[in-house]
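J.: Got a sequence here, can you model it:
(2 chains)
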Amino acid sequence: MYTAGEVIETFTLNDKFCDLKIKLFDKLEEATPFQFAMVGIPGDFELPLYVSMYDHSSSTLELFFKITGRYTEKICFSRGYVHIRGFYGKNRLDLISGNRIAYIAEEWGFSPLPLFATWMKKNNLFLNTILIFTDEWSFHNVAKYIEGITQTSAFRFMKSNINELLEFIAKYSNEYKWESIVAAGDRGLLKSVCRLASNLGVKGIGVPYARIKCALGACGYCTIPRTNHLFCTEGPLFTCEELAPYLG
Amino acid sequence: MDLSTSIIGIYLVHPLMNASGILGFTPEHVDILEKYRVSAVVTKTFTLKPREGHREPVIVELANGGILNSMGLPNPGITGVSRVVKAAKNKNLPVIVSVGGANLEEFREVAIIAEEEGADGVELNLSCPHTKGYGLEIGQDKSMVYNIVREVSNSLKIPVIAKLGLVDNIVEIAGKALEAGAKALTLINTIKAMYIDVFSAKPFLSNIYGGLSGPPIHPIAVRVVYDVYKEFSPEIIATGGVMNWYDAAEFLLAGARAIQLGSALIIKREKAVPEILDGLNMWLTRIGLRSINEAVGLAVRK
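T.: The predicted model follows:
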């Protein structure tokens, strides 16, 4: 569904991460974790952004995202009206099994965390977050922010130390008793985590990066390569088995 | 109940296929369309050179149930044709390649390549309403339609379908396309429209204009199919806002032998085709017909 909204609050954690609150003029349906919206300025641009929080009663949408270029910067510092199309993505939280979950995310994967953590808490599930950063500057403010949201300590790794991350997961999987590992990242990360999850005998779930154009399942731009899955209508959560042809 | 039909000499197990623009430019899309159980694959419109299409925003769902899109014919160019056709052939699915061009020569070149790669037919996109220089700007000129259809028909052995859009003299244009050698017509393409965001006071689409599809255009499409069938009794593939069996039945009665689904596949995905087929089965039985063919054009003959 399409609606407009007004930016009511902007908070930048540093020059890389933005937290935006938008008051929608029409109510959208309740959002479920990992759903996303198409957000933009009419006639100008439009971006897919994960729903970080959505308060249905007040129609307030929160978007927490990394500033990666011109348009994310424009949205972050936008004043006035924006348009929202949404929410898109399928509710596949039933893929996550067990009570103790590890969520591993590259920076763009931090966005769904607030809503995901809220859902975990509501369902009495325990969440550990493992955050992958590209640089030290993003690290400090953002990690603390996420720890505040999730109410647990976040493990932090640099993207250059992926092997260290995988060793950590292998070593501590038993201690933290993770029953599902959800990973949001590029193909390399998903491939490694899926393989590791399989070796550890835990459920592996991936959130791949996808190019979104229509978000409706029509244009086919978001097709997960070498699979018959559309990110926008069947994802963003996929099992490692579903992603296997893509991961190679 | 016999739900089979044929169009341009192609046997179809049932009359429902995807509309061009619903997936259709990679082998993975053919997998998805097979999952959706279409009886034939219609590809995305291919042009000679790759096109990026318009920048976002390119699509919006309207409160009236319609969808307005201005994708801008993004496609990988002619090098993409072979992979899609091969993928369809591997699944024994008939494949119709949608061909676009800014001029006669481009239409001809792309159509020839489609034939060389094994397409069962080509559908000439003479009616895209949102891409400057392509589609509807050509399709509203009866001489251009005639010349393009004739040139392409003369260059190919496989059948040519002309996909036309809503213009004032649609019946006349349809006649010209048939006269020039089109073996069937696809009626109708999306209708030129726009949407203004009232808070920013700006047109929503980056291209300003888009093509309207979905339920709001269905009665218009039914009228066009009826008028063209009444005049020429050609083979018609109808498209425009089919969401359920009733809409499909209307098109058959108006004169269509096959139907392309767009919005229905977006909204109902793999449920769309089975639901519509079940409904058509029930309807044909209820009104005492034994096959799809018996229904074609019945409203015109009556």
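J.: going forward, measure contacts between C-alpha atoms and count neighbours the same way
T.: Will do.
J.: burial count for residue B:286?
T.: Neighbour count for residue B:286, taken as other C-alpha atoms under 10 Å in any protein chain shown: 9.
J.: So which bits of the stretch 1-150 of chain B are right by chain A?
T.: B:21-24, B:28-29, B:31-32, B:55-63 (C-alpha under 8 Å from any C-alpha of the partner chain).
J.: wait, isn't residue B:180 in contact with residue B:154?
T.: No. With contacts counted by C-alpha atoms under 8 Å, residue B:180 stays clear of residue B:154, the gap being 9.2 Å.
J.: ok, these two, which is more surrounded?
T.: residue B:180 (19 against 14).
J.: How about that one: what's its closest non-neighbour residue?
T.: Distances taken as C-alpha to C-alpha, 6 or more residues apart in numbering or on different chains place residue B:150 nearest to residue B:180, at 4.5 Å, with adjacent residues excluded.
J.: Just the buried subset of the residues of the stretch 1-150 of chain B next to chain A, please.
T.: Buried subset of the residues of the stretch 1-150 of chain B next to chain A (neighbour count, 16 or more other C-alpha atoms under 10 Å in any protein chain shown): B:21-24, B:28-29, B:31-32, B:55-62.
J.: give the contact list for the closest residue to residue B:244 other than its chain neighbours.
T.: Nearest residue to residue B:244 in three dimensions, chain neighbours excluded: residue B:276, at 5.4 Å (C-alpha to C-alpha, 6+ apart). Going by C-alpha atoms under 8 Å, 6 or more residues apart in numbering or on different chains, residue B:276 touches B:244, B:245, B:248.
J.: Narrow these to those in helices?
T.: B:245, B:248 (DSSP state H).
J.: which one of the contacts of residue B:276 is nearest chain A?
T.: Nearest to chain A among the contacts of residue B:276: residue B:244, at 18.0 Å, using C-alpha to the nearest C-alpha.
J.: isn't residue B:87 right next to residue B:30, touching?
T.: Yes. In this structure, residue B:87 is within contact of residue B:30 by C-alpha under 8 Å, at 6.5 Å.
J.: For the two, work out which one has more neighbours and name it.
T.: Legend: neighbour count by other C-alpha under 10 Å for residue B:87 and residue B:30, higher for residue B:30 (30 against 18).
J.: Counting by contacts, list what the strand or helix carrying that one packs against.
T.: Assignment of secondary structure by DSSP states H and E places residue B:30 within helix B:27-35. Under the contact criterion of 3 or more C-alpha pairs under 8 Å, 6 or more residues apart in numbering or on different chains; DSSP states H and E, helix B:27-35 touches helix B:81-90.
J.: what's the lowest-mean-pLDDT helix or strand in chain B in contact with?
T.: Sorting the helices and strands of chain B by mean pLDDT, DSSP states H and E puts helix B:136-139 at the bottom, at a mean of 78. With C-alpha under 8 Å, 6+ apart as the test, helix B:136-139 has contacts from B:102, B:126, B:127, B:128, B:129, B:144, B:145, B:164, B:165, B:173.
J.: when you check those against the helices, which ones overlap?
T.: Short answer: these in helices (DSSP H) are B:144, B:145, B:173.
J.: Residue B:144 is in contact with the last one, correct?
T.: No. Here residue B:173 lies out of contact with residue B:144, judged by C-alpha under 8 Å, at a distance of 9.8 Å.
J.: Between those two, tell me which one has more neighbours.
T.: Counted by other C-alpha under 10 Å, residue B:173 and residue B:144 do not tie: residue B:173 has more neighbours, with 23 against 19.
J.: hang on, the earlier thing: just the residues of the stretch 1-150 of chain B next to chain A: which are in helices?
T.: Using DSSP H, the subset of the residues of the stretch 1-150 of chain B next to chain A located in helices is B:28, B:29, B:31, B:32.
J.: Tabulate the residues you listed in JSON lines, adding columns for distance to residue B:210 and pLDDT.
T.: Output for those, formatted as JSON lines (distance: C-alpha to C-alpha, whole Å; pLDDT from 0 to 100):
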{"residue": "B:28", "distance to residue B:210": "27", "pLDDT": "97"}
{"residue": "B:29", "distance to residue B:210": "24", "pLDDT": "97"}
{"residue": "B:31", "distance to residue B:210": "28", "pLDDT": "96"}
{"residue": "B:32", "distance to residue B:210": "26", "pLDDT": "97"}
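J.: any residues touching the lowest-mean-pLDDT helix or strand in chain A, and which ones?
T.: One helix or strand of chain A scores below all others by mean pLDDT, DSSP H and E: helix A:136-150, with a mean of 84. Outside of helix A:136-150, the residues within contact range by C-alpha under 8 Å, 6+ apart are A:13-14, A:16-17, A:113-114, A:117-118, A:127, A:131, A:133, A:153-154, A:156, A:158.
J.: Show me which of those residues are buried.
T.: For the contacts of helix A:136-150, buried by 16+ other C-alpha under 10 Å: A:13, A:16-17, A:113-114, A:117-118, A:127, A:131, A:133, A:154, A:156, A:158.
J.: sorry, back to before: is the residue nearest to residue B:180 in contact with residue B:178, as I believe?
T.: No. Counting by C-alpha under 8 Å, residue B:150 stays clear of residue B:178, with 9.2 Å between them.
J.: Need phi/psi at residue A:18.
T.: Here is the backbone geometry of residue A:18 (degrees, to the nearest 10): phi -130, psi 140.
J.: now the angle from the lengthiest strand in chain A to helix A:136-150?
T.: When chain A is parsed with DSSP state E, its longest strand is strand A:2-12. Put simply, strand A:2-12 runs at 120 degrees to helix A:136-150, going by axes from the mean of the first three to the mean of the last three C-alpha atoms, to 10 degrees.
J.: Can you mark which positions in strand A:2-12 are buried?
T.: Quick answer for strand A:2-12 (16+ other C-alpha under 10 Å): A:2, A:3, A:4, A:5, A:6, A:7, A:10, A:12.
J.: Close to chain B as well: tell me which of these qualify.
T.: Near chain B, by the rule C-alpha under 8 Å from any C-alpha, you find A:2, A:4 out of these.
J.: The buried residues of strand A:2-12 into JSON lines, with extra columns for pLDDT?
T.: Converted to JSON lines, the buried residues of strand A:2-12 look like this (pLDDT from 0 to 100):
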{"residue": "A:2", "pLDDT": "92"}
{"residue": "A:3", "pLDDT": "95"}
{"residue": "A:4", "pLDDT": "95"}
{"residue": "A:5", "pLDDT": "96"}
{"residue": "A:6", "pLDDT": "95"}
{"residue": "A:7", "pLDDT": "96"}
{"residue": "A:10", "pLDDT": "94"}
{"residue": "A:12", "pLDDT": "91"}
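J.: Return the residues of chain A in contact with chain B.
T.: So far as C-alpha under 8 Å from any C-alpha goes, chain A lies against chain B at A:1-2, A:4, A:40, A:42-47, A:81-82, A:85, A:213-214, A:216-220, A:223, A:225-229.
J.: what are the ranges of the strands in the stretch 151-300 of chain B?
T.: B:160-164, B:184-187, B:191-194, B:196-197, B:202-203, B:209-213, B:236-239, B:258-261 (DSSP state E, counting those that start in this stretch).
J.: So what are the sheet partners of the fourth one and their directions?
T.: Each strand that strand B:196-197 pairs with, and the sense of that pairing, follows from DSSP bridges: strand B:202-203 (antiparallel).
J.: Centre of the chain to the strand it pairs with, how far?
T.: Here the centre of strand B:202-203 is set off from its chain's centre by 28 Å, with C-alpha atoms, centre = their mean, to the nearest Å.
J.: and if you look at stretch A:241-248?
T.: How far stretch A:241-248 lies from its chain's middle: 19 Å, per C-alpha atoms, centre = their mean.
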